[in-house]
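**Q** test case, fold it:
(2 chains, ligands or ions: 1)
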Amino acid sequence: MKIVVCVKQVPASNDAKIDPVTKRIVREGIKSIMNPFDLYALEEGIRLKEKFGGQVIALSMGPPKAEAVLREALSAGADHAILLSDRAFGGSDTWATSYALAKAIERIGHVDLVICGKQAIDGDTAQVGPGIAAHLDWMQAAGVMEVQVKDSSIIVKRMHEEGHDICQLQLPAVITVVKDINTPRVPTLRGRLAALKYELPVWKPADIGADPEKLGLNGSPTRVVKTQPPDPRQADTIRIEGTPKECARALVHELRLRSLI
Amino acid sequence: MLTLTDADRKQYENIWVVAEVSSGRIQPVTHELIGKARELADASKSQVWTVVMGSGISQMAESLFAYGSDCVIAVDDARLNGIQDEIEANVLVRLIRKYKPEVVLCAATTKGRALIPRVAVKADCGLTADCTGLSIDPENGDLLQTRPAFGGNIMATIRSPKHRPQMATVRPRVMKAPEPDKSRTGKIIKESILDTDADKMKKIIEIFQSKEAAFNLSDARIIISGGRGVKGPEGFELLKRFASKVGGAVGASRAAVDAGWIGYNHQIGQTGQTVQTTLYIACGISGQIQHLVGMQSSDVIVAIDINPDTPMMQMADIAIVGDLFEVIPEILNEIPKL
Ligand SMILES: Cc1cc2nc3c(=O)[nH]c(=O)nc-3n(C[C@H](O)[C@H](O)[C@H](O)COP(=O)(O)OP(=O)(O)OC[C@H]3O[C@@H](n4cnc5c(N)ncnc54)[C@H](O)[C@@H]3O)c2cc1C
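**A** The predicted structure is shown next:
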C-alpha cells in the first residue's frame, strides 16, 4: 500500500493576543509542534504499512521551518517526506490548502490511502481531509477510530453522536482519524539519526502542476475581515458570601424566585 | 479558481439550510439553523429553503415550515442512509448549481463536518466552520461569519466576497430554535438522485445506536458542572447527587476530564459539547475562555468557587464565594424533597 499522511505544524499553545496598535495576532515566542491529531494519523499509516507492506509518505505544506514536523514523522517511521513550501502557498484557506495537497498526492502517484488527523488544533475546522477527497474525487471517511484493509477496500469504524457505524469503502480513499485509534510510538534514536540525514524534497507550485489561480490567497474564497477579543457576557452578578449554610439558603432562595427549582 | 462578477453574484438568492437527519429523524439543530436563516432572509429580503436528504423523509418535510422555512427540497431515496457523504455531496452540488442559493448553512455535527467541506470544494465556494455569529453586511449583502479562532482566544469575522454560495456550519445549541408557528405553510420541491450522483457508495456493515453515545448533555435543562476544584471522582459523586436532586445532568471542564475523574462525553467547551441550559451551576471551574464558549449562552449561570475573582465568578449571574465541599451538602439539605 502506498499511504500518504498529511501533517501540519501548529503552535504549541493558543495563547494568541491582539496587538492593540496593528490589530494583528501576535504569536511571537510560541513553540511549534506537530498537530497532535496528526500523530495518530502517522501511527496508523505506519501500522498499516507494517502489516500490509508498502510505504508511508509524510506530506506537509508550510513555511520552510515546517520541515521539523516532517523529520519527526521520518524518525517515527515514515519512509519519505515532502514539504510544499513557497510564497505562492501563503495565505491559503482550507479550499486552497486541500487543493495544493491534492495536487501533491496526484504528483506522488498511485496513492491508495491518505490519512489526516481529525482536525488541526489551531484552525479547528476539520475541513482539509474531506477537501482533499473532494479535489481528488475519492471516497472519504471522517472521524475514523478503527481501520482494516480488505483487498482493494478498507473497513472503517466511526463514532458519531448517535453511536457508531462500520462501513466499507473502495480505495483510493481519504480518512481522518480520532485519538481513540491507536497510541503513537516514541521515535527511536536510530530513527532520529536517519531522519536527520534524510534529504527532504521541497516542492513548488510548478512541481505539482498547480494552477496559480487556485493557490494561496488567490485560491482562497474566504477572507478574514476582522479579529477581536470575545465579548464578555454582561451580568449583574449577585455575590453571595457567608457560612456554607447561609450561602446555600441564599442560593436556593434566588433559584426559587426564578422558578428554577 | 472561479470567481464571480457582481452580475453573476446577483443571480444567487435565498438562504438554505441543510437539514440534519439521523436515526430517521430531523434533528433539532435543523430548527435552530432555520431560525437563524429566517433572520438572515428577512435582512436580505429573500427566502429560507431547507434541503432534506434521507430515506423516508418526505413525510417530515412539512414540519419545517413552522420554524420559518418557505420551501423544502426533499430528496427521498433509500440509498441515503446517513453515511453516504459522497452521494449527498454530489446531490447538493447539483442542487446548488440549479437553484443558486446565496447562503448555505449546515450543522457542525460529525456528519455535517464531513459532508459540507466536500460540497464547498466541489462547488468552488468558501466555508467557515463552527460559526457563533452570522449576519448580513448591510453595505454589500455579504454574509459576515464570526467564529472562535486560536482556541477561543480570538473571534474572527470572515466573508467570501467573490464566491457564492457562502457556506457556514454552526454547532448544535449555538442558535436558539424559534417557537414553531403551525399556521405557516410553504412549498415542497421533490428532487431525486441521478445515477451519476451515486457512482461512489459505501457499503454498510453495521450501524449501532448506543444509549451512552446518545447521552446528550445539551438535552438537560439543568447542568451541574465540575472542574479541577472538584478534586477527584469522589467530588463528582457529590455533583451527581446534586444533579439528581434537581433533575439535572453532570458536566465538566477539560481539566476534570483530562484528570480522568469523569468521561469525555461530559466535557463542555471548545473541544467538548456546547450547551444552552436554563440553569448552569459551575463548581470549581475557573472559567477559561475555552470553557465559557461552550456554556455562556445558558440562561442563568451560578458559580461556586473559593476564589471570588475568577472569570466564571465575574460573569455568573449568581456567584457564591465558598468551598464547594461545604456549600453543596448544605444546598442539598435546603432543597426540599421533590
Ligand atoms: C485548544 C484548547 C481547547 C480547550 N478546550 C476546552 C474545553 O472544551 N473545555 C474546557 O473546560 N477547557 C478547555 N480547555 C482548557 C481551558 O483552557 C482550561 O485549562 C480549563 O477549562 C480549566 O479547567 P478548570 O476551570 O476546571 O480548572 P482551573 O482553571 O484550575 O480552575 C479550578 C477552579 O476551582 C476552584 N476551586 C479549587 N478548590 C475549590 C473548592 N474546594 N471549592 C470551590 N472552588 C474550588 C479554584 O479557585 C479555581 O477557580 C482548552 C484549552 C485549549 C488550549
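**Q** residue numbers of the stretch 1-150 of chain B in contact with chain A?
**A** B:1, B:22-23, B:82-83, B:85-86, B:89, B:109-111, B:113-115, B:117-122, B:124-130, B:144, B:148-150 (C-beta under 8 Å from any C-beta of the partner chain). Using the backbone N, CA and C atoms, a C-beta is placed for each residue, glycine as well.
**Q** filter these down to just the ones in strands.
**A** Counted as lying in strands by DSSP state E, out of the residues of the stretch 1-150 of chain B next to chain A, are B:22, B:127, B:128, B:144, B:148, B:149.
**Q** now do the strands in the stretch 101-250 of chain B.
**A** B:103-107, B:127-128, B:133-136, B:143-149, B:154-159, B:166-170, B:187-191, B:203-209, B:222-226, B:249-252 (DSSP state E, counting those that start in this stretch).
**Q** which is the next helix or strand following the last one?
**A** Think strand B:249-252. Per DSSP states H and E, the first helix or strand lying C-terminal to strand B:249-252 is helix B:254-258.
**Q** quick one: is the helix or strand following that next one near the ligand?
**A** Going down the chain from helix B:254-258, the next helix or strand is strand B:279-283, by DSSP H and E. No - residues of strand B:279-283 are not located near the ligand by C-beta under 6 Å from any ligand atom, the shortest gap being 6.5 Å.
**Q** just the buried subset of the residues of the stretch 1-150 of chain B next to chain A, written out for ChimeraX, thanks.
**A** Of the residues of the stretch 1-150 of chain B next to chain A, the buried ones go into a single ChimeraX selection, burial set by 16 or more other C-beta atoms under 10 Å in any protein chain shown:
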select /B:1,22,82,83,85,86,89,109,110,111,113,114,115,117,118,119,120,121,122,124,125,126,127,128,129,130,144,148,149,150
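**Q** still on that earlier bit, JSON lines please, covering the strands of the stretch 101-250 of chain B and showing distance to residue B:33.
**A** Output for the strands of the stretch 101-250 of chain B, formatted as JSON lines (distance: least, C-beta to C-beta, whole Å):
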{"stretch": "strand B:103-107", "distance to residue B:33": "5"}
{"stretch": "strand B:127-128", "distance to residue B:33": "14"}
{"stretch": "strand B:133-136", "distance to residue B:33": "10"}
{"stretch": "strand B:143-149", "distance to residue B:33": "13"}
{"stretch": "strand B:154-159", "distance to residue B:33": "18"}
{"stretch": "strand B:166-170", "distance to residue B:33": "6"}
{"stretch": "strand B:187-191", "distance to residue B:33": "18"}
{"stretch": "strand B:203-209", "distance to residue B:33": "23"}
{"stretch": "strand B:222-226", "distance to residue B:33": "23"}
{"stretch": "strand B:249-252", "distance to residue B:33": "24"}
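**Q** TSV for those, including distance to residue B:331 and mean pLDDT?
**A** Shown next, in TSV, are those (distance: least, C-beta to C-beta, whole Å; pLDDT from 0 to 100):
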stretch	distance to residue B:331	mean pLDDT
strand B:103-107	36	98
strand B:127-128	42	98
strand B:133-136	35	96
strand B:143-149	33	92
strand B:154-159	35	92
strand B:166-170	35	97
strand B:187-191	51	97
strand B:203-209	36	89
strand B:222-226	10	97
strand B:249-252	15	96
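**Q** out of the ones you listed, flag the one nearest residue A:257.
**A** Closest approach to residue A:257 among those (C-beta to C-beta): strand B:222-226, 15.8 Å.
**Q** ok, and does that closest one reach over to the ligand?
**A** No - under the criterion of C-beta under 6 Å from any ligand atom, the ligand is not reached by strand B:222-226; the shortest gap measures 7.5 Å.
**Q** adjacent strands (with direction) for that strand?
**A** The pairing partners recorded for strand B:222-226 under DSSP bridges are strand B:249-252 (parallel), strand B:279-283 (parallel).
**Q** right, and the helix or strand after the last one?
**A** This means strand B:279-283. Sequence order places helix B:289-292 as the next helix or strand after strand B:279-283, per DSSP H and E.
**Q** the nearest residue to residue A:204 once chain neighbours are set aside and residue A:59, how far apart?
**A** Closest residue to residue A:204 apart from its sequence neighbours, by C-beta to C-beta, 6 or more residues apart in numbering or on different chains: residue A:86 at 4.7 Å. Remark: distance between residue A:86 and residue A:59 (C-beta to C-beta, to the nearest Å) = 15 Å.
**Q** one more: residue B:308?
**A** 51 Å.
**Q** which one of these two has more residues nearby?
**A** Each of residue B:308 and residue A:59 has its neighbours counted (other C-beta atoms under 10 Å in any protein chain shown); residue A:59 has more, 26 against 14.
**Q** check the secondary structure at the more buried one for me.
**A** Three-state call for residue A:59 (DSSP: H, G, I helix; E, B strand; the rest coil): strand.
**Q** wait, it touches residue A:7, no?
**A** Yes - here residue A:59 reaches residue A:7: they are 7.3 Å apart, a contact under C-beta atoms under 8 Å.
**Q** can you list the residues that contact stretch B:73-84?
**A** For stretch B:73-84, contacts defined as C-beta atoms under 8 Å, 6 or more residues apart in numbering or on different chains pick out A:165, A:167, B:21-22, B:49-58, B:61, B:87-88, B:91, B:95, B:99, B:111, B:188-193, B:198, B:201-202, B:204, B:207.
**Q** tell me which of these fall in helices.
**A** B:58, B:61, B:87, B:88, B:91, B:95, B:99, B:111 (DSSP state H).
**Q** include pLDDT and distance to residue B:269 when you put those into JSON lines, please.
**A** What follows is these, written out as JSON lines (pLDDT from 0 to 100; distance: C-beta to C-beta, whole Å):
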{"residue": "B:58", "pLDDT": "90", "distance to residue B:269": "38"}
{"residue": "B:61", "pLDDT": "93", "distance to residue B:269": "35"}
{"residue": "B:87", "pLDDT": "98", "distance to residue B:269": "34"}
{"residue": "B:88", "pLDDT": "98", "distance to residue B:269": "29"}
{"residue": "B:91", "pLDDT": "98", "distance to residue B:269": "34"}
{"residue": "B:95", "pLDDT": "98", "distance to residue B:269": "35"}
{"residue": "B:99", "pLDDT": "98", "distance to residue B:269": "37"}
{"residue": "B:111", "pLDDT": "94", "distance to residue B:269": "21"}
